[in-house]
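> Requesting a structural model of the entry that follows:
(one chain, ligands or ions: 1)
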Amino acid sequence: MTFDVRRIRAAYPALADGYAYLDGAAGTQVPAAVIGAIRGAYEAGLSNGDGAFPASARADAITAACREAIADLVGGEPAGVVLGPNMTTLTYRIAAALAKTWQPGDEVIVSRLDHDANIRPWIQAAAGAGAVVRWAEVDAATGELAAEQYAGLIGGRTRLVAVTAASNVIGTKPDVPAITALARAAGALSYVDGVHATPHGPVDIRTLGADFYATSAYKWSGPHIGAVVASPELLGSLRPDKLVASPDSVPDRFELGTPPFADLAGASAAVDHLAALDDAATGTRRQRVLASMAAAEAHEQRLFAVMLDALDRMRHVTTYGKAAARTATAFFTVAGYSPRQVAERLASRRINVWNGHNYAWEVTGVLGIRASGSAVRAGLVHYNDESDVARLIEAVAELG
Ligand SMILES: Cc1ncc(COP(=O)(O)O)c(C=O)c1O
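I've put the predicted structure just below:
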């Protein structure tokens, strides 16, 4: 494993501006190769898909390549990759399609750990179908979402279990394979939110046991598009609302209107970028993605241990979440300052961090901090380095 963060940082034009980009959990910067792929798609001549001429064939080839790339990223099949504008839109779409199969009295399980985009679409779809919503709870002290509780939640009427692969604020990575196994044994489907998890380590949707896995390219160095990955057979069993004239095949049937073809080219380039994070990675793109994401995870976790330890030692800082397995995402408050004030102070030091609930509406409520502005989020991704961490530690220490 060879992880050269200097080489990787040099691939990102934006990182030359002198800011410490600790805001990656809300969207990463984009490497030159991704920008070049988007530009190149337009420069080559790009038309709408399914036409008789080369510029149209290029659009179709870009779409097919993007499905292959995302399948390689998460371990799915290209024919099961539904592309869309973002995870939230796609989740509403899948929820509406699934809800058509629900009966009054059926049950849907959501978790308090999740981003609201993997909660509210299910609650609203359940309300329309007369289905009952049940909640999996987070332990406020540890930030853990205990998998064991699902044995008591899942029953004969459970149709869907929606759970995140990682919290976008406290980083908790629940035992998704255990949760999806319980769902499957009860004949229920699982919808796993991989938006925060995907950039932080290797993903294999079969190991996760996810029937649906959602991810957003803009969290992993790509453009602003999302995808939901499922088996083509499962997608083929669902009938989303669609135009009569649009394709009825899978996965196209789930996709509305004209896609952003150039961005799809960018998403493929982002997967190629991820596959090359580990200089020593060899083999197929899927194999290189797995090796590279393991290297990226090790790099992030090494930096995160330093960052978290320093924050935990500061008497004026409170950190949230202590899960045994978590992404390199810190969530903290500083005594005497609102989260917004901390973010503004750090911005004046050219350090980008987020403040607020970050749409983790339920868990910030469980932590009892939502009404006071929630907390500050400093998240690491593969392009962050020691100096980003040192600058954060120094700037937060100054607030004491
Ligand atoms: C864990 C998680 N789920 C879902 C979303 C929503 O993703 P999108 O912006 O693609 O709709 C986000 C965005 O921050 C997220 O972090």
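
> which stretches of the stretch 101-250 of the chain form helices?
Counting by DSSP state H, counting those that start in this stretch, the stretch 101-250 of the chain has helices at residues 120-129, 149-153, 176-185, 205-208, 232-236.

> Dump those to TSV, plus mean neighbour count and mean pLDDT.
(Each C-beta comes from the backbone N, C-alpha and C, glycine too.) Formatted as TSV, the helices of the stretch 101-250 of the chain follow (neighbours: other CB atoms under 10 Å; pLDDT from 0 to 100):
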stretch	mean neighbour count	mean pLDDT
helix 120-129	19	98
helix 149-153	17	98
helix 176-185	20	98
helix 205-208	18	98
helix 232-236	16	98
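
> do you know which of these lies nearest the ligand?
Among the helices of the stretch 101-250 of the chain, the nearest to the ligand by CB to the nearest ligand atom is helix 120-129 (10.3 Å).

> Return that closest one as CSV; C-alpha atoms alone will do.
In CSV, the C-alpha atoms belonging to helix 120-129 read as follows (Å, rounded to 0.1, in the frame of the first residue of the first chain):
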residue,chain,number,x,y,z
ARG,A,120,-38.6,11.6,5.8
PRO,A,121,-39.2,10.1,2.3
TRP,A,122,-40.0,6.8,4.1
ILE,A,123,-42.3,8.4,6.7
GLN,A,124,-44.2,10.3,4.0
ALA,A,125,-44.4,7.3,1.7
ALA,A,126,-45.7,5.2,4.7
ALA,A,127,-48.3,7.8,5.5
GLY,A,128,-49.6,7.7,2.0
ALA,A,129,-49.9,3.9,2.1
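
> Mind giving me the packing neighbours of that helix?
Contacts defined by 3 or more CB pairs under 8 Å, 6 or more residues apart in numbering; DSSP states H and E place helix 120-129 against helix 87-99, strand 107-111, strand 132-136.

> wait, does it contact the ligand?
No: using CB under 6 Å from any ligand atom, helix 120-129 stays clear of the ligand, coming no nearer than 10.3 Å.

> what's around Pro223, how many residues?
With neighbours defined by other CB atoms under 10 Å, the count for Pro223 comes to 21.

> Surely it touches Ser216?
No: in this structure, Pro223 is not within contact of Ser216 by CB atoms under 8 Å, at 10.0 Å.

> Can you say which of the helices of the stretch 101-250 of the chain is nearest to Ala305?
Proximity to Ala305, assessed across the helices of the stretch 101-250 of the chain by CB to CB, is greatest for helix 176-185 (23.3 Å).

> Give the burial count for Ala162, as a bare number.
By other CB under 10 Å, neighbour count at Ala162 equals 27.

> Which pLDDT value does the model give it?
What the model reports for Ala162 is a pLDDT of 99.

> Can you give me the separation between it and Asp193?
Note on Ala162: its distance to Asp193, by CB to CB, to the nearest Å, is 7 Å.

> where do the contact lists of the two overlap?
Asp114, Asn118 (CB atoms under 8 Å, 6 or more residues apart in numbering).

> What is the burial count for Ala371?
As a burial measure, Ala371 scores 8 neighbours (other CB under 10 Å).

> Reduced to three states, what does it come out as?
Under DSSP: H, G, I helix; E, B strand; the rest coil, Ala371 falls in the helix class.

> need the residues of this protein near the ligand, please.
26, 86-88, 115, 117-118, 164, 168, 193, 195-196, 216, 226.

> Please repeat the previous calculation with a cut-off of 5 Å.
Residues of the chain lying close to the ligand (CB under 5 Å from any ligand atom) are Asn86, Met87, Thr88, His115, Ala117, Asn168, Asp193, Val195, His196, Ser216, Gly226.
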